[in-house]
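K.L.:
I need the structure of the sequence given here:
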Amino acid sequence: MERTSNLQNRPLESNASGWMNGLIGVVIFSGSLPATRVAVLEFDPVFLTVARATLAAFLALSLLLLFKEKRPARHQLVPLIIVALGVVVGFPLLTALALQYVTSAHSIVFVGLLPLATAAFGVLRGGERPRPVFWLFSVLGSVLVVGFAVSQGLSASPQGDILMLLAILACGLGYAEGAKLSRTLGGWQVISWALVLALPMMAALTWWRMPDSFSGISAPAWFSLAYVSLFSMLIGFVFWYRGLAQGGIAAVGQLQLLQPFFGLALAATLLHEHVSIGMLGVTVAVILCVAGARKFAK
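P.N.:
Okay, here's the model as predicted:
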């Protein structure tokens, strides 16, 4: 009788662990944009992108060797390359470039579209057929984001807003492809192998884009580089993909909706950036639209 009770409790424990791991992953990711904002003030955006990927890749390679993980099958290489292009190269580079023109608080509003972008690519890549109401929320959320950008003076920095939109698309594709691949390859193994595949090119570019001197780089910039390299690029994904595997992709994936709130709080407290009532209102509205889209995704 006691054994049966323990078996019945295991799914509940696994589900709770999935939500906790997913929440830890989202909190870690929430610090990415503020840390990137600090780093690009002193590091070249391209160097920052390739350096963070290189550092994370060496750690990922060490973990794969330590746990003696099997190499991916041949049919898994193309999806891994897509993951690498989306979350190892695309999102970090595009956000680093965008944060030269906009504040991290402004960019975090765009992150509210990330769950929607992930769901949209899930439709394209996974063959899902959401209800028509899903697309209503999708269009409404996009209109809110574009409307906010225009109200803040889009003509003053069109580069930053366009780069952020492209970054969200790249990350959404990488998340969707990674979530799909994690079912067969494993959670943390997906990001680890994606980093390793990108390592030769990232290491070469790091050497090529390395500045002549690091003497003028401050401690906060170094700390930000370390954070986006170890936590944003690898450790966050370890918790995130583990949470998706334990609690379910559709359920735990909704935790991404909390990321703009955490990010805005960090931007306001650590960087002392101004977070307007309008910005908070748009973020809440976008999150509600994405929540509605998720509800009618199946």
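K.L.:
state the pLDDT value of Glu128.
P.N.:
In the predicted model, Glu128 carries a pLDDT score of 63.
K.L.:
actually Leu257, sorry about that
P.N.:
Taken from the predicted model, the pLDDT recorded for Leu257 is 77.
K.L.:
how about the one helix or strand Ala291 maps to, which residues are buried there?
P.N.:
Ala291 is part of helix 277-295, with elements assigned from DSSP states H and E. Taking 16 or more other Cβ atoms under 10 Å as the basis for neighbour counts, the residues of helix 277-295 that come out buried are 279, 282-283, 285-290, 292-294. For the C-beta atoms, the positions are set from N, CA and C on the backbone; glycine is no exception.
K.L.:
what's the burial count for the residue lying closest to Arg52 once chain neighbours are set aside?
P.N.:
On the basis of Cβ to Cβ, 6 or more residues apart in numbering, the spatially nearest residue to Arg52 that is not a chain neighbour turns out to be Ser229, at 4.1 Å. The local packing count at Ser229 equals 24, with neighbours defined by other Cβ atoms under 10 Å.
K.L.:
wait, doesn't Pro260 sit right on Gly112?
P.N.:
Yes. Counting by Cβ atoms under 8 Å, Pro260 does reach Gly112; the two are 4.7 Å apart.
K.L.:
joint contacts of these two?
P.N.:
Shared between the contact lists of Pro260 and Gly112 (criterion: Cβ atoms under 8 Å, 6 or more residues apart in numbering) are residues 283, 286-287.
K.L.:
looking at those, which one is closest to Phe67?
P.N.:
Distance to Phe67 across these (Cβ to Cβ) is lowest for Ile287, with 36.7 Å.
K.L.:
ok now do the nearest residue to that closest one once chain neighbours are set aside, which residues does it touch?
P.N.:
Spatial nearest neighbour of Ile287, excluding adjacent residues (Cβ to Cβ, 6+ apart): Leu257 at 4.9 Å. Residues counted as contacts of Leu257 (Cβ under 8 Å, 6+ apart) are 112, 115, 287, 290-291.
K.L.:
same question, Leu234
P.N.:
Taking Cβ under 8 Å, 6+ apart as the definition of contact, the neighbours of Leu234 are 56, 59-60, 191-192, 195.
K.L.:
which of the buried residues of helix 277-295 sits closest to Ala39?
P.N.:
Using Cβ to Cβ, Met279 is the member of those that sits closest to Ala39, with 22.5 Å.
K.L.:
from Val146, how far out is Ala35?
P.N.:
Summarising the geometry, the distance separating Ala35 from Val146, computed by Cβ to Cβ, to the nearest Å, is 27 Å.
K.L.:
residues touching stretch 26-39, excluding its own?
P.N.:
Outside of stretch 26-39, the residues within contact range by Cβ under 8 Å, 6+ apart are 48, 92, 95-96, 99, 103-104, 107-108, 111, 220-221, 223-225, 227-228, 231-232, 235-236, 239-240, 255-256, 258-259, 262-263, 266-267, 270-271.
K.L.:
can I get the shared contacts of Pro260 and Gly112 in JSON lines with distance to Ile81 and pLDDT?
P.N.:
Converted to JSON lines, the shared contacts of Pro260 and Gly112 look like this (distance: Cβ to Cβ, whole Å; pLDDT from 0 to 100):
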{"residue": "Thr283", "distance to Ile81": "33", "pLDDT": "81"}
{"residue": "Val286", "distance to Ile81": "30", "pLDDT": "82"}
{"residue": "Ile287", "distance to Ile81": "31", "pLDDT": "83"}
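K.L.:
so which of those residues comes closest to Val139?
P.N.:
Proximity of the shared contacts of Pro260 and Gly112 to Val139, judged by Cβ to Cβ, is greatest for Val286, which lies at 12.3 Å.
K.L.:
coming back round to it: Ala35 and Val146: who's more crowded?
P.N.:
For Ala35 versus Val146, neighbours defined as other Cβ under 10 Å are more numerous around Ala35 (26 against 13).
K.L.:
which helix or strand contains that one?
P.N.:
Remark: Ala35 resides in helix 32-39, with elements defined by DSSP H and E.
K.L.:
what mean pLDDT does that helix get?
P.N.:
For helix 32-39, the per-residue pLDDT averages 90.
K.L.:
tell me which helix or strand comes right after that helix.
P.N.:
Beyond helix 32-39 in the direction of the C-terminus, DSSP H and E gives the next helix or strand as helix 45-66.
K.L.:
got the angle for that next one vs helix 32-39?
P.N.:
Calculated by axes from the mean of the first three to the mean of the last three Cα atoms, to 10 degrees, helix 45-66 forms an angle of 130 degrees with helix 32-39.
K.L.:
so which residues of the stretch 151-298 of the chain form strands?
P.N.:
Ranges of strands in the stretch 151-298 of the chain, per DSSP state E, counting those that start in this stretch: none exist.
K.L.:
alright, I will stop here.
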